[in-house]
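[1] fold the following, please.
(one chain, ligands or ions: 1)
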Amino acid sequence: MSDRENIRSSEITDESVYLNRRNFIRAGAMAGTAAASGLIYRYLNPPPPREVTTAEIERFSEAEGPLKDELTPIEDVTNYNNYYEFTTDKRGVASLAADFKSEPWTVTVDGLVDKPRVFGIEDLLKIEQEERIYRFRCVEGWSMVIPWVGFPLKKLIDMAKPLGSAKYVAFQTFYGGSNPKGPEVDLPEPPNAMGNVFAGIPFPYVEGLRMDEAMHPLAILATGLYGKLMPPQNGAPIRLVVPWKYGFKSIKSIVRITFTDRQPPTTWSAATPSEYGFYSNVNPEVDHPRWSQATERRIGEYGRRETHMFNGYAEEVAGLYKGMDLRKNY
Ligand code: MTE
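    Okay, here's the model as predicted:
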């Protein structure tokens, strides 16, 4: 990715921030368990996502205040975006995507499954929606804390009933007429349709996860943020969020989810294999060939914070990679 921010590697996170971070990590861990309750993991009832009042959001933010991992303001979450189908200008996505129509919308689930199915977005919004506050770390070196709304990807996987031979899950973003529902769903061509030339990556955008990663309770399909339906610039109407991986794994505006027996191609590793791998787990010890990954800039803050292994979710996800060489499998 081109828009790398300037890194100061001398920054040292003091202990109080670290301890607070530990609290937040625990809260994040809770987000994956059925026993979790309260602010980090609350069901939005009734689903689909409803508008939450400003008062609710303020209470929410106050509760997170002492942890230092405060929510990134919605203005930043929705105006500093990577969505190359529209433009490579982070601050330009919101206006270019404003008229993007994400209804009607279908998500085709196919491949090595017992129950292939075409879901309408309305079907997916009927699944119980939860709020998940996650840190979000872009490979470029910036990060945010975002209150997503969505549901565990595992729920959809369970509905599809993958065959034993399915080892990976592949995801695809819409691209012009790529929505498989057919001609009645006339998806707009994204402005950056000549993306292969101007964005420097091939379209449609594709991503993938190993099956055990996809089944992990922290991996969600997000249908909204800050209690509202997903804004176009953040990947309406439905996107992946995998909080322990660099942000580019979290593919937006998904139209197809395919179960397969081999590792699927992924956009950034296809574009620049020496810089971006399939796994792309947040790892402060494995630098990008052109910059360090040891620190990050939280949007809205000056200075830099330490980057944590698996973006601070090591306790929950490190087991997925036991025995793997994370330098080779970057
Ligand atoms: N998905 C698609 N389809 N197109 C993209 O350009 N950018 C990725 C990811 N998903 C991208 C995408 C990158 S690089 C990042 S950091 C995140 O989306 C940004 O998500 P946000 O704009 O909601 O912060």
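[2] could you pull out the strands for the stretch 51-200 of the chain?
    106-111, 117-120, 130-137, 142-152, 168-173 (DSSP state E, counting those that start in this stretch).
[3] Asn81 is in contact with Ala236, isn't it?
    No - using Cβ atoms under 8 Å, Asn81 makes no contact with Ala236, being 11.7 Å away. To be clear about C-beta, it is placed using only N, CA and C from the backbone, and glycine gets the same treatment.
[4] and these two? Which one has more around it.
    Set Asn81 next to Ala236 and count neighbours by other Cβ atoms under 10 Å: Asn81 wins out with 24 against 21.
[5] returning to what we had before: the ligand is nearest to which of the strands of the stretch 51-200 of the chain?
    Between the ligand and these, the shortest gap by Cβ to the nearest ligand atom is with strand 168-173, which sits at 3.6 Å.
[6] next, the angle from that closest one to strand 106-111.
    150 degrees (axes from the mean of the first three to the mean of the last three Cα atoms, to 10 degrees).
[7] which strands or helices does strand 168-173 pack on?
    For strand 168-173, the packing partners by 3 or more Cβ pairs under 8 Å, 6 or more residues apart in numbering; DSSP states H and E come out as strand 206-210, helix 211-215, strand 254-260.
[8] show me what the next helix-or-strand element following the longest one is in contact with.
    Counting by DSSP states H and E, the next helix or strand C-terminal to strand 254-260 is helix 267-271. With contact meaning Cβ atoms under 8 Å, 6 or more residues apart in numbering, helix 267-271 is reached by 1, 200-202, 205-207, 248, 275-278, 280.
[9] mind picking the two most distant members of those?
    Greatest spatial distance among the contacts of helix 267-271 (Cβ to Cβ): Gly200 and Phe278, at 19.2 Å.
[10] when the two are compared, which one has more neighbours?
    Phe278 (19 against 13).
[11] spell out the secondary structure type for that one.
    Look at Phe278: counting by DSSP: H, G, I helix; E, B strand; the rest coil, its state is coil.
[12] mind listing what it touches?
    Phe278 neighbours (Cβ under 8 Å, 6+ apart): Gly208, Gln263, Thr266, Ser269, Asn329.
[13] how much space between it and Val317?
    Phe278 is 16 Å from Val317, where distance means Cβ to Cβ, to the nearest Å.
[14] ok so, going back, need the helices and strands packed on strand 168-173 in CSV (columns: mean pLDDT and distance to the ligand).
    CSV is the format used below for the helices and strands packed on strand 168-173 (pLDDT from 0 to 100; distance: least, Cβ to the nearest ligand atom, whole Å):
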stretch, mean pLDDT, distance to the ligand
strand 206-210, 97, 8
helix 211-215, 98, 16
strand 254-260, 96, 8
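[15] so which of the ones you listed is nearest Ala97?
    In terms of Cβ to Cβ, the element of those nearest to Ala97 is strand 254-260, at 15.5 Å.
[16] and the closest one with strand 106-111, angle?
    Angle of strand 254-260 versus strand 106-111, following the same axes, to 10 degrees, is 10 degrees.
[17] how about Arg117: what's its closest non-neighbour residue?
    Residue nearest to Arg117 in three dimensions, not counting chain neighbours: Val109, with 5.2 Å by Cβ to Cβ, 6 or more residues apart in numbering.
[18] I'd assumed Pro116 was in contact with that neighbour.
    Yes - counting by Cβ under 8 Å, Val109 does reach Pro116; the two are 6.2 Å apart.
[19] of these two, give the one with the bigger neighbour count.
    Neighbour totals were compared for Val109 and Pro116, and Val109 leads with 21 against 14 (other Cβ under 10 Å).
[20] tell me the contacts of that one?
    Lys115, Pro116, Arg117, Val118, Phe119, Leu156, Met159, Ala160, Arg256, Ile257, Thr258, Phe259.
[21] which of those residues are buried? Put it as a ChimeraX command.
    Written as a ChimeraX command, the selection of buried residues from the contacts of Val109, which uses 16 or more other Cβ atoms under 10 Å, is:
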select :119,156,160,256,257,258,259
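[22] got a list of what whatever residue of the chain ends up closest to the ligand touches?
    For the chain and the ligand, the shortest gap (Cβ to the nearest ligand atom) falls at Gly247, measuring 2.8 Å. With contact taken as Cβ under 8 Å, 6+ apart, Gly247 is in contact with Asn82, Phe136, Arg137, Cys138, Val139.
[23] so how far is Val255 from the second one?
    Using Cβ to Cβ, one gets 22 Å for the distance from Phe136 to Val255.
[24] pull the number of nearby residues for Lys126.
    Count around Lys126 with other Cβ under 10 Å applied: 12.
[25] same check, this time on Pro232
    Neighbours of Pro232 (other Cβ under 10 Å): 23.
[26] look up phi and psi at it.
    phi -50, psi -40 (degrees, to the nearest 10).
[27] and the stretch 151-300 of the chain, which residues reach the ligand?
    Listed as neighbours of the ligand in the stretch 151-300 of the chain under the rule Cβ under 6 Å from any ligand atom: Thr173, Tyr205, Asn234, Gly235, Gly247, Phe248, Ser250, Ile251, Lys252, Ser253.
[28] what is the least confident helix or strand in this protein?
    helix 15-30 (a mean of 32; mean pLDDT, DSSP states H and E).
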